[in-house]
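Novice: Mind folding the following:
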Amino acid sequence: MGFPGTWMTESGSMVYRVVPKCACSTIGQIMFYSDHGRFFDGDIHDAAEGLHKWAREDSQPIIEKAVKERQAYTYTCVRNPYTRILSSFFDKIAGIQRNGQRYRGNLVPTLIQKYGIEVGSPEDGFDFDQIASFRRFLLFARDTIRWKKPMEPDIHWSAMSGHISTFIANGGRYDQIFFTETFNDGMQVVLDHIETPHKVDLATIPRFNESEGHGPKRAHPVEDYFDDLSRHLIWEIYHKDFQLFRYDFDDPSNKMPLGEVDLDEIHAKLG
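Specialist: Below you'll find the model as predicted:
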């Protein structure tokens, strides 16, 4: 099984378990910059050199050795499940991807046909009922996660605890798990624990939001998208994420965590 979704700097300073929709583009660029003194030109997910990735066969033995021998500071980053699934919807379902196409080819037409979702288009200014369509998407996301129908769950809306657990189950251990909502504080802790070839000043690092500008803007406050049924579905899919990462299920408008992550609990429950 190994360590899918894991990135490591070439200098071996840090290991990061990618969790989609949780500042992964920014983290990857910081890792790249810390080794090379420049940012990767393009989407860091497309980088085929300059960063060890489990998806690269030549990187696998290097990452495996570093993880199993605990040679590098190891971390990941999490996000409020309410805002994460909303971001997935606006980016992957309603948005146009970097290649100018819809995400995953026939996915959006399937959702329009089977779930009655509308997504608008760049031509009409993405004019559609965001709340109604999002709630129908949520039903689809639940179906993929619960029954793997009409397709396998996608990494962008499968639970964070699932991504994070594969790393532990295969013998890894996290030194830190921090929050997207307090990104600079959490990333600074990582940088304080390591030596990097190039110094990183978080105050001057841009945010790399690769999905921005390709789709509709969210038109309503977060809480408006979640009625009773939506929240029931959210709990069904993400109850572990709320519990383990201390997010506020009762108040969708509160994106901030209610407390710090307990690493021992994470390793015990997800191992």
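
Novice: residue ranges for the strands of the stretch 151-271 of the chain, please.
Specialist: Assigned by DSSP state E, counting those that start in this stretch, the stretch 151-271 of the chain shows strands spanning 176-179.

Novice: Any stretches of it with poor pLDDT?
Specialist: Low-confidence segments of the stretch 151-271 of the chain (pLDDT under 70): 210-213.

Novice: quick one, domains of the chain?
Specialist: Using automatic domain parsing, the domain ranges for the chain come out as 6-80+156-204, 81-154+215-238.

Novice: hey, C-alpha coordinates of stretch 10-28 in PDB?
Specialist: Written as PDB, here are the backbone C-alpha positions of stretch 10-28 (Å, rounded to 0.1, in the frame of the first residue of the first chain):
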ATOM      1  CA  GLU A  10      14.100  16.700  -2.100                       C
ATOM      2  CA  SER A  11      16.300  18.000   0.800                       C
ATOM      3  CA  GLY A  12      14.300  15.600   3.100                       C
ATOM      4  CA  SER A  13      13.300  18.400   5.400                       C
ATOM      5  CA  MET A  14       9.600  17.600   5.600                       C
ATOM      6  CA  VAL A  15       7.000  15.100   4.600                       C
ATOM      7  CA  TYR A  16       3.400  16.200   3.900                       C
ATOM      8  CA  ARG A  17       0.200  14.000   3.500                       C
ATOM      9  CA  VAL A  18      -1.900  15.900   1.000                       C
ATOM     10  CA  VAL A  19      -5.600  16.400   1.900                       C
ATOM     11  CA  PRO A  20      -7.400  17.900  -1.100                       C
ATOM     12  CA  LYS A  21      -9.100  21.200  -0.600                       C
ATOM     13  CA  CYS A  22      -7.000  22.000   2.500                       C
ATOM     14  CA  ALA A  23      -4.400  24.500   1.200                       C
ATOM     15  CA  CYS A  24      -2.500  21.800  -0.600                       C
ATOM     16  CA  SER A  25      -1.400  24.000  -3.500                       C
ATOM     17  CA  THR A  26       0.000  26.600  -1.100                       C
ATOM     18  CA  ILE A  27       1.800  23.900   1.000                       C
ATOM     19  CA  GLY A  28       3.300  22.300  -2.000                       C
END
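
Novice: just to revisit the earlier point, which one, of the domains of the chain, ends up nearest to Pro257?
Specialist: Nearest to Pro257 among the domains of the chain is domain 6-80+156-204 (5.4 Å), distances taken as C-beta to C-beta. Bear in mind the C-beta positions are built from the backbone N, C-alpha and C, glycine included.
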